[in-house]
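Novice: when you get a sec, could you give me coordinates for this:
(one chain, ligands or ions: 1)
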Amino acid sequence: MSTNSNTHPKLNKVYLLMDCNNFFVSCERIFRPDLEQQPVVVLSNNDGCVVARSAEVKKLGIKMGTPVFQIKDLIARHHITCFSSNFNLYLDISNRIMRLLETISPEVLIYSVDEAFVILHQVSQQQAYSAACRIKKTIERAVGVPVSVGAATSKTLAKIASHYAKTHPDCEGVHTLFEHNEIQRILRELPVGEIWGIGRRLEEKLSQEGFHSAAQLASADAAAIKRRYSVVLWRTVHELNGVDAIKELEEGHMQQQIMWSRSFRDRLCSFEELSAALCSFAAQAAHKLRELKLFCSIISIHIRTSYFGESHKYQAEQSLRLDSPCSDSRIILAAVITLLKRVYRPGFAYAKAGVILSDLSPNRLHQGDLFTSEHSAEELDHSDTLMALLDNLSTKNGAALYLGAQGCQLKKQSFNDKRLLSPAYTTSFTELPAIC
Ligand SMILES: [Mg+2]
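Specialist: Purely as a prediction, here's the structure:
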């Protein structure tokens, strides 16, 4: 069928979802072209688990999150190249891609490090398809990361279209979902659990009630779904029918929490070690919070021993609410230490810990009460200046300046163990790629 713009009316609003293929692996391959079509994995921060896989590795059946020790023989047998996570490189490449997208359309919603929605208004199906092809070509040519692009009139369908484009080579990386029959065809093949926002628990519940495919959910009575499940699933039903129903991303509510957690290759046992690790995570999460110009009201920590092996198991989590929203590392770190004192038990070998900052808001506004003392404007100004100074020095010189509680010299390698790290090709002059 022709998709000539004359035979189709203009669409009010179209979402193009750009998704980088195997993003971390693709970033590594930019500087290692010899690894094209070779099996490559990127490992978690302490080289413990697989966090990104090339298509060749996916074909071997290696799942996301697999601990490295379980696939040692596969790595050797198939000559899989392993990299430690080089987040500075990935973030830099991500920024370049997002900046490029902004030159294509002024309306870009960055959804994650490797995904963004580009919004177009008053375009025909053909124009939307051409724009999707242009995005793919521009990014691949200028940055060198392969991407898939899906286009539709709702974000959920755009995500489905881009996933379809990625997994069907005949699409050449671009697919649009505008025509009713085509939408139905793809939704019939798609299990409900693969729809954006439907987690495993909801998937189980839905399939018990007879919703197995996305097409079945799309044809459900939206009002009944809202009563029986939630307004979130009600939106999904609309979105599957091409109705633009998810507004949160535009309103800036995207970031719900900031989490920083790591596994430790060498287990941590003492309170001091664990406290230094958690404070270091909290400092990085707080830095991220300030970068996003947000404030948090709830601070949580979690600690646990390994799930594997015979050793004694223990896990705990604990949260506290601050008197007022804040982004000051000193307050956040003090809260983390208070929380750790509540949950720490000696005699265990801790394998993982993390910090979560939540209840995020773009300002310090809150409901005060008679019992908590308010900070003066002068105190808040002082805090902002100090934190800006801390962030400035840290970004210029790595983590040059840190708070004493981070115990920077204390076993730093045990929670930041990257033996297979690629060079900082794009962010350090001393590590620029050499052309021989
Ligand atoms: Mg991706």
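Novice: so what pairs up with Leu109 in the strands?
Specialist: Beta-bridge pairing of Leu109 under DSSP bridges involves Phe117.
Novice: pretty sure it contacts Glu115?
Specialist: No: with contact defined as Cβ atoms under 8 Å, Leu109 does not count as touching Glu115 (9.5 Å). In short, each C-beta sits where N, CA and C put it, glycine included.
Novice: list residues touching both of these two?
Specialist: The contact sets of Leu109 and Glu115 do not overlap (Cβ atoms under 8 Å, 6 or more residues apart in numbering).
Novice: which parts of the chain sit against the ion?
Specialist: Residues of the chain lying close to the ion by Cβ under 5 Å from the ion are 19-20, 23, 114.
Novice: which of the residues you listed fall in strands?
Specialist: Among these, the members found in strands (DSSP state E) are 19-20.
Novice: name the helix or strand for Ala76, please.
Specialist: Using DSSP states H and E, Ala76 sits within helix 72-77.
Novice: hang on, I meant Ile301
Specialist: Element membership for Ile301, per DSSP H and E: strand 296-305.
Novice: how far off centre is the helix or strand following that strand?
Specialist: Later in the chain than strand 296-305, the nearest helix or strand by DSSP H and E is strand 315-326. Taking Cα atoms, centre = their mean, to the nearest Å, one finds the center of strand 315-326 at 22 Å from the center of the full chain.
Novice: got a list of contacts for whichever helix or strand comes after strand 315-326?
Specialist: For strand 315-326, the succeeding helix or strand toward the C-terminus, using DSSP H and E, is helix 329-343. Residues outside helix 329-343 that contact it (Cβ under 8 Å, 6+ apart) are 271, 274-275, 278-279, 282-283, 285-287, 296, 299-301, 303, 316-320, 322, 326, 355, 357, 383, 387, 390, 403, 405-406.
Novice: now do stretch 78-96
Specialist: Against stretch 78-96 from outside (Cβ under 8 Å, 6+ apart): 23-24, 27-28, 30, 32, 35, 38-45, 47, 51, 57, 60, 68, 74-75, 113-114, 142-143, 145, 418-422, 424-427.
Novice: span of that stretch from start to end?
Specialist: From its first residue to its last, stretch 78-96 covers 33 Å (Cα to Cα, to the nearest Å).
Novice: buried ones in that stretch, by neighbour count?
Specialist: 80-86, 89-90, 92-94, 96 (16 or more other Cβ atoms under 10 Å).
Novice: can you check stretch 178-189 too?
Specialist: 178, 183, 186-187.
Novice: quick one: distance of the helix holding Ala76 to the chain centre.
Specialist: 28 Å.
Novice: just checking, next helix/strand downstream of that helix?
Specialist: Tracing the chain C-terminally past helix 72-77 and defining elements by DSSP H and E, one meets strand 81-84 next.
Novice: now that following strand: average pLDDT?
Specialist: Per-residue pLDDT over strand 81-84 has a mean of 94.
Novice: go on, stretch 295-315?
Specialist: Averaged across stretch 295-315, pLDDT comes to 87.
Novice: same question for stretch 61-68.
Specialist: On average, stretch 61-68 scores 92.
Novice: list the contacts of it.
Specialist: By Cβ under 8 Å, 6+ apart, the surrounding residues in contact with stretch 61-68 are 41, 43, 47-51, 53, 71, 74-75, 82, 308.
Novice: mind running it again at 10 Å?
Specialist: For stretch 61-68, the surrounding residues in contact (Cβ atoms under 10 Å, 6 or more residues apart in numbering) are 39, 41, 43-44, 46-53, 56-58, 70-71, 74-75, 78, 80, 82, 263, 306-308.
Novice: buried members of those into PyMOL, please.
Specialist: Buried subset of those, written as a PyMOL selection, criterion 16+ other Cβ under 10 Å:
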select buried, resi 39+41+43+44+46+47+48+49+50+51+52+53+56+57+71+75+80+82+263+306
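Novice: and the residue of the stretch 51-200 of the chain closest to the ion?
Specialist: Asp114 (4.4 Å; Cβ to the ion).
Novice: what's the pLDDT at that residue?
Specialist: 90.
Novice: that one contacts Val143, doesn't it?
Specialist: No: with contact defined as Cβ atoms under 10 Å, Asp114 does not reach Val143; the gap is 11.5 Å.
Novice: mind listing the shared neighbours of the two?
Specialist: 20, 26-27, 93-94, 97.
Novice: looking at those residues, which are in strands?
Specialist: Per DSSP E, the shared contacts of Asp114 and Val143 map to strands at Cys20.
Novice: which one of the shared contacts of Asp114 and Val143 is nearest Glu209?
Specialist: Cys20 (35.4 Å; Cβ to Cβ).
Novice: got a list of what that closest one touches?
Specialist: With Cβ under 10 Å, 6+ apart, Cys20 has these contacts: 26-27, 90, 93-94, 97, 112-116, 139, 143, 145-148, 166.
Novice: tell me the domain ranges of this protein?
Specialist: By the record's domain assignment, the chain is partitioned as 8-178, 180-254, 257-415 (automatic domain parsing).
Novice: just these: most buried one?
Specialist: Burial of those is given as mean neighbour count (mean count of other Cβ atoms under 10 Å); domain 8-178 ranks first at a mean of 19.
Novice: first to last residue in that one, what's the distance?
Specialist: 11 Å.
Novice: stretch 323-334 now?
Specialist: The first residue of stretch 323-334 is 13 Å away from its last residue (Cα to Cα).
Novice: chain center to it: distance?
Specialist: Distance of stretch 323-334 from the chain centroid (Cα atoms, centre = their mean) equals 24 Å.
Novice: can I get the helix holding Ala76 in CSV, CA atoms only?
Specialist: Output in CSV follows, covering the C-alpha atoms of helix 72-77 (Å, rounded to 0.1, in the frame of the first residue of the first chain):
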residue,chain,number,x,y,z
LYS,A,72,33.7,-18.8,32.5
ASP,A,73,34.0,-21.8,30.1
LEU,A,74,31.6,-20.2,27.5
ILE,A,75,33.8,-17.1,27.5
ALA,A,76,36.9,-19.1,26.8
ARG,A,77,35.3,-21.4,24.3
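Novice: and that helix, what other elements does it pack with?
Specialist: In terms of contacts (3 or more Cβ pairs under 10 Å, 6 or more residues apart in numbering; DSSP states H and E), helix 72-77 is not packed against any helix or strand.
Novice: give me the contacts around it.
Specialist: Contacts of helix 72-77 (Cβ under 10 Å, 6+ apart): 39, 41, 50, 57, 60-62, 66, 68, 71, 80-82.
Novice: any idea which of the residues you listed is closest to Arg200?
Specialist: Thr66 (17.7 Å).
Novice: how much space separates the closest one from Val51?
Specialist: Distance, Thr66 to Val51, using Cβ to Cβ, to the nearest Å: 10 Å.
Novice: joint contacts of those two?
Specialist: The contact sets of Thr66 and Val51 overlap at Val41 (Cβ under 10 Å, 6+ apart).
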